[in-house]
Structure formats: C-alpha cells, structure tokens
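Could you look at this predicted model? Sequence included:
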Amino acid sequence: MTRVQRSSTTHFLSVFFFLIPPCVAVSQAQVLEEVIVTAERRAQSLRKTPISLINLSQESLQARNYRDLSDLRGAAPNLQLIPHPNAESTLLLFMRGVGNPDEQLTQDPSVGVYVDGIYLSRSQGLATEAASIERIEILRGPQGTLYGRNATGGAINLVTVAPDPSQLSISQTLRTGSRNLLRSQTAINVPLTERSAVRVGYVRSLENGAIENPGTGSSRYGDRDREALRVDLAWHAAESLSLRYSGDRGELHDTPAYLGAVPLGQSSLSRPDAGNPAVTGLQNNSLVSTGHQVTVEWAPVEGVTLRSLTARRKIVDEQYQDWHTGLQGPQPLLVTSAQGAQTQWSQELQLLGSSADERWQWIAGLYWLEEEIERDAQNAIPPADQTRRVFGRNIRNEARAAFGQVSYRPARWQEKLTVTAGLRWSEDRRKAALLRGLQVPIDGPLRLRPEPDFGDRRFSDVSPALTLEYDATDRIRFYGKVAEGYKSGGFNARASSAARFSQGFDDENVRSWEMGMKAESAEQRVRLDATLFRSDYRNIQLNVQSDPTDVVVSDVLNAGKATIDGLELELTTAITETLRLQFRYAWLDPRFNTIFDATGANVSDRYRFMGSPEHSLSVDLHWGLGRALGSALTLDASYSWQDDSVGNTTTDAGTYIIPGYGLASGRLKAVRAAGDGEIAFAVWAQNLTDENYYIAHFNGGTGRIVPTAIWGAPRSAGVELRYRFRR
C-alpha cells in the first residue's frame, strides 16, 4: 500500500532529547503529586493503573482555556477530533487510528465518551460546553471489558466537580478577547447540612467566527453562541450510604463552519477572510441537550461497595450547511439540513470489593441501555433542481451487558505480581425504519417511496481481557495486556437498495496486545509512562463496492482487516521547585491488510486510515515566577504538533491530506488574596504564531470531485478575571 508522505520529524525529536537532560541534572526539584484516577471504576493511583492513560486536571484544562471536547485537539497524542462538515458540534473521534468517519444515527462511534460514568451514545453535541469539569481521563486502546461496546478505539471520561458539604464557595470567571469573545462562568457550592450540599454551575459563551458571510442570513461562519447549566445535589446519608443527583441543560446556536474549495496536495491554502456573496439565507445550527442522573453508593460491609448509575438524556438538534455556493455558478452544489431528536435511558449496577489483605480486588456489573431516535434529513441539490429526503422513524437501540473483572496478588511472588482477568458479555438489538422521498422541483411536492426500508438485527459479543503487572522495584512497574473491544453492527441510511439496508452490517472487533512501563524516580521528581502496542482490527465496517456489475454502487460492509502498531510516551518532571514540564509523544503505523469488494478482489491499496498522523506530540510547561505587587505569578505554556494525516478513507476521489501543523499557546496569571477569597487575573493567547491549518479535508462534491477543507481557528488573545470566595 502506498503510504502518505510524512513531514520531517527532526524538530520534535530534538525537542525530546533537549528536554531530558534538565530532568535529571537539575537539583532542588519538588516532589510530583500523586495522581488519582477512576479509569478502572475505582479510585486508584495513575501509576498503578495498567492503561495508556492521559489525565488532564482542572489546572491543565484551565491553562488550555478549555470550553468543550474540541479544545482537546493536540492535547493527547493518538487522539484526533474532526468536526463533521454539517455541524462542528458533531465530533468524529479517532483514537489509535480507530474511529467512525460518519455521523449516521444508525451507526455507532468507535470512541466512547462518558460523563460521570454515563455513556453518551451519539456524536451529535459532543462539542457542547460543560459547566463544571474537574478532570478528563483519556483511555487509549480497546476498553471492552469495563466500558462495553463502542470503545474499540478507547474511551474519554469527563468527571464533574461534586458538591462539597464542608464549605461555602462562590466562583465567578469572566473571559474576553479576540473576535468579541465573551465567556462568563459561575459556580456556587452551598452546604445544606453537615452531610449534604448543592452545587450550581452556569456558563454563557459568545464568540464571532473568523470568516465573514457577505451574503444574506447569518453574518459569519463559525460563530459560537452557547450556554450550559448544571445542578448537583449530594447527600451523604450515612458513612456507608451516599446519593447524588445531577441535572444539566446545554444550548448551542452556532453558525456552520465555512467549507472552502481547496486544491489537493500537502500544503494548506490560506484561510479566507470571507465567503461568497452569492450565499442566501445562511442559517444557524441549533442543539439542546438535557440530562438527569442519579448515583447511589452503598457500602454494607467493609471492602464491599454497591453502586447504581441511572440516567436519562435527550438531544434535539437542527443542522444546516451551504456547500460551495458560487463555486460553479450562483447556486450551491448542495444544501443539507436535518432535524432530529434522540433519547436514551441507561442503568448500570456495579459491585466492587476487595479482600481484607487487599490481595483480591473485583468488580462485577450489569448494564442496560435503551435509545429512541427520529430524524428528518434533506439534501437539496439546486443544479439538479431536486431535494432528496430521508425520514428516520422508529430507530430503536437496546443494549444489555454483564461484566466482571478480578485482580489477584499472590503471596508467593512477594506481592510483586498482579494478575487481572476480565470478561464482558454484550447483546444489542437494533431496529430502524427509513422512508425516502424526492422533491422535483427543489421545493415541489414530496413523492415518497411506497414502502419504507426496515431493519431489525441482533448482535452479541464476549470481550475478554488479561493483564499481568510486575513491580520490579517500588518505583518501576511493568505490565502486559491483551484486551478486546466490540463495536455494534447497524444499518446504512445511504444503502444502495432496500434489501441492502435491511441486511445491514455486522459488528467489528479490535484485539490489542500491549506492553507498558510506569516508572518514577526515587526522588519522585521524574515520571515516565511508556506503552508499545499492536492492534488486530477485524471485520472493519467500510464503504466498498457491493455490486460486481456496477462500480458506482457501494455499501457499508464488513470488508476490512488491518494491523495497527504504535508507541506512546509520557514524561513528567519537576525541574525545580517552581518549574514543571510534561512531554507526550505518540507514533502510529496503521495499515490495511485486506479489503475485499463484491468481486472478491483485495482493494486495500485504495484505502487509507483517517485521523492517524504517524507522529504527534505535546509539551506543557507550568512555571511559578514568584511574587510581584502582592500577587503570585505563574506561566503556563503549551505546544502541540502532529504529522501529516489523511482526511478521507479512500483514494477513489483523490488522497486528501491534512498537512502537519504545530500550535503554541500561553497564559500568564497573577493571583492575590482578597479577604476570604482570591482574585486572579490572566492574560492568554492561543495559536500564537497564527498557524494556518486544516482540521478537516475531504471531497465535498455531489457526484463530482471538489476538494474541501475546514480551517482551524486563527490566533486569539485576551484577558480573564476570576474571583473565588470560600468559607
């Protein structure tokens, strides 16, 4: 297979070797803090968690001006976040090369996203604002045993701030900057009794897009207009019993991203200042998400905890996108619009325990999910004077699972060896009915097919995992791991026929072999995590030719098999008492072994792995600069870089390359005491060098080849003021 040409890696390798010497040569370094994560459903040290895991603390997120998941772009090597052309709030997530390039509601994503343990089943709305995030855990590699279906690439855990009965606190943050940015974030924590508290978080965010619309309708592309509200109530009814209710609501009224016609090649066309004046009636996208969650934890005896997570979530969204007005005349090539609603209910029961000597630890659980979806999608094609419509009705997904994982540290190995085995059984049922219609002329009467397309299928899977951990010393731990992940089958709303739609496609699987090391220096000043892995990717759901007599006809089939090799490194060092540096790097080598079309021919040379740069890195620096004018000064700086990557899966319409790019950001903050609180003032900047770069590159034509790109944000800068009161 022809590989994508990669850009030079010399500069980031030199960065790596430049950073290592100070880590071991400079004295008087502070001790690195212990990091606690819940990646394995229980609180434990990151150093003792046998997962290639990135933990982003609240401090790290604030330093990056975090607002939504799309702001993690570049923060975690081997994680790619690509906006869907129809709505930037719909994120296509790829981890270790595994992901889904589509947003169809009858297909599932490949990277699981969780909020406080609750699975978010759709890609729509993943980039909405969050009112109160405490930390984000990024788990790379298949997580099928504990996280279930659709975590074949990995999982992302968003952990929110819990109410605190011990103190009254109020925080108000105001941020302003380039492109009329205005963001207000409020957090109030009120103790109700000695054992209960309520916490309210609210965010209002406005920002102008970087590309003007000289036509009619919305004034700009890429405007942000968002708000989010979250209410948490916690009650520690007894030492052994706690309850937490969470309710959240988010609204988004952004304008669409600008889709620019660009040439093929490995150099980025400059970001335009304005679109085409022929655009008419550019509309905002709209999304409203609501959620309710109840978490109960009961410890009836020492060492045993029963946990219940119950949730109901709903998304209502409207999408609109103008595709290439003015490119080939005054009309757009395509106008897409869609309206839909998705509701999900889930229940999970977990039983966690450990023996008195802590040699045994276990978790067992049951999981249910039910999901209902409706969708009305329209593709207006002005050059053909027609509108194609698809009505999705009675789309219903049901999931059931039972899982268990047990760890044992045998005494004969002087408790240096830990053996962990896990197993998850999953069963999914997917039902869908689609009714298709055509309007000719473009706004004429709707002519529906006589009968809808029906699909009804069941899928089942058993995902095992086995991990061996060995403590070579008190500070060095090695682990080996074999894990599997399972992604449910489904249906293709763009199927070539009713029969093909009903047939659907089967589930796909990933089996990963990993060897890892987690090490810490004796002075606790340097930490190094390293993971080497190989993934066997089977039954890959791909769009391939499905009719031997017609090369134009293609469908989603389980046609592919691939091997993915990779390396992930994370180095953290406290260089001095006030200077901390973190370096992350990933190498990725995915390759399709076979992809069979309808004739049985291996066409793998025509396919590429999307969202898979060969090299990627990030560097974060936190530096305490001392005091000035009664304030403590700190500097946070970050740099991320990634190699060239591919923006589409096939070469049928050309190879679409997202050229490699690097982004630098910085934040200088001053904090001073003010009575029972503190005042913080910060000056920040993002994309300091005003890098011109793509975040998506694909064929945007309708029956023709039109290379299309979405640009990343230009340089922005501003100030932030925060007041925090505690008593």
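It's in. Just so we're clear, the structure is a prediction, and the values are computed from it rather than from any experiment.

Walking through the stretch 451-600 of the chain, point out its strands one by one.
453-471, 476-487, 508-520, 526-545, 554-574, 579-595 (DSSP state E, counting those that start in this stretch).

closest one to residue 113 among the ones you listed?
strand 476-487 (14.1 Å; CB to CB). (Glycine included, C-beta is placed from N, CA and C.)

Report back the residue of this structure that's furthest from centre.
residue 412 (42.2 Å; CA atoms, centre = their mean).

Let's have the strands of the stretch 451-600 of the chain in JSON lines, adding mean pLDDT and distance to residue 388.
Converted to JSON lines, the strands of the stretch 451-600 of the chain look like this (pLDDT from 0 to 100; distance: least, CB to CB, whole Å):
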{"stretch": "strand 453-471", "mean pLDDT": "95", "distance to residue 388": "14"}
{"stretch": "strand 476-487", "mean pLDDT": "95", "distance to residue 388": "28"}
{"stretch": "strand 508-520", "mean pLDDT": "96", "distance to residue 388": "28"}
{"stretch": "strand 526-545", "mean pLDDT": "95", "distance to residue 388": "18"}
{"stretch": "strand 554-574", "mean pLDDT": "95", "distance to residue 388": "17"}
{"stretch": "strand 579-595", "mean pLDDT": "96", "distance to residue 388": "28"}
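
Reformat these as JSON lines; add distance to residue 159 and mean neighbour count.
Shown next, in JSON lines, are the strands of the stretch 451-600 of the chain (distance: least, CB to CB, whole Å; neighbours: other CB atoms under 10 Å):
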{"stretch": "strand 453-471", "distance to residue 159": "23", "mean neighbour count": "17"}
{"stretch": "strand 476-487", "distance to residue 159": "22", "mean neighbour count": "21"}
{"stretch": "strand 508-520", "distance to residue 159": "21", "mean neighbour count": "20"}
{"stretch": "strand 526-545", "distance to residue 159": "20", "mean neighbour count": "20"}
{"stretch": "strand 554-574", "distance to residue 159": "19", "mean neighbour count": "21"}
{"stretch": "strand 579-595", "distance to residue 159": "19", "mean neighbour count": "19"}
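
would you list those strands in JSON lines and tack on distance to residue 138?
Shown next, in JSON lines, are those (distance: least, CB to CB, whole Å):
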{"stretch": "strand 453-471", "distance to residue 138": "18"}
{"stretch": "strand 476-487", "distance to residue 138": "15"}
{"stretch": "strand 508-520", "distance to residue 138": "15"}
{"stretch": "strand 526-545", "distance to residue 138": "13"}
{"stretch": "strand 554-574", "distance to residue 138": "11"}
{"stretch": "strand 579-595", "distance to residue 138": "10"}
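
and of the ones you listed, who's closest to residue 166?
strand 579-595 (28.2 Å).

How about residues contacting the helix or strand just after the closest one?
Where DSSP states H and E defines the elements, the next helix or strand beyond strand 579-595 is strand 615-628. With contact meaning CB atoms under 8 Å, 6 or more residues apart in numbering, strand 615-628 is reached by 6, 9, 12, 15-16, 19, 59-60, 63, 74-78, 577-588, 632-643, 670.

List buried residues within the residues you listed.
The neighbour count (16 or more other CB atoms under 10 Å) marks 12, 19, 60, 63, 74-78, 579-588, 632, 634, 636-643, 670 as buried among the contacts of strand 615-628.

Contact partners for residue 272?
211, 258, 260.

do that again at 6 Å, thanks
Applying CB atoms under 6 Å, 6 or more residues apart in numbering to residue 272 gives no contacts.
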